[in-house]
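In: Provided below are the primary sequence and the corresponding predicted coordinates.
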Amino acid sequence: METNNISNGQQKDEKLWKLAKKRAEFKKYLLTYLVINAFLWGFWLFNSYRHGDFSFPWPAFVSLGWGVGLAFSYIGAYSGYKESLTEKEYNKLINKN
């Protein structure tokens, strides 16, 4: 198991560090998604109200398309990582024999 030094003298596990980075990146990605989508929906609502026409909610395309990417990012960050899944399958195979 690879470890690196941290500033306070503790050791860190490389696999956990990578997982922590993925989760931190997902949280930044989620915040960006929420802020940008709130702006787009607010812009649409403001203009629709001004013109009296609420017929075509174009921000839905952005929200849905970007939401798919966000879902994949969530899966990558919180459902385990490839090495972990491989190790689990390997252990299952060893225990079967």
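Out: Sure thing, it's come through.

In: For Lys22, grab the count of nearby residues.
Out: Neighbour count for Lys22, taken as other CB atoms under 10 Å: 15. (Glycine included, C-beta is placed from N, CA and C.)

In: what are the ranges of the strands in the protein?
Out: 3-5, 11-13 (DSSP state E).

In: Which one of these has the poorest average confidence?
Out: Lowest mean pLDDT of the strands of the chain: strand 3-5, a mean of 51.

In: for Leu45, what are its contacts?
Out: Counting by CB atoms under 8 Å, 6 or more residues apart in numbering, Leu45 touches no other residue.

In: Quick check: the gap between it and Trp58.
Out: As judged by CB to CB, to the nearest Å, Leu45 and Trp58 stand 12 Å apart.

In: Below-threshold pLDDT in the chain: ranges please.
Out: Scanning the chain for pLDDT under 70 picks out 1-9, 80-83, 97.
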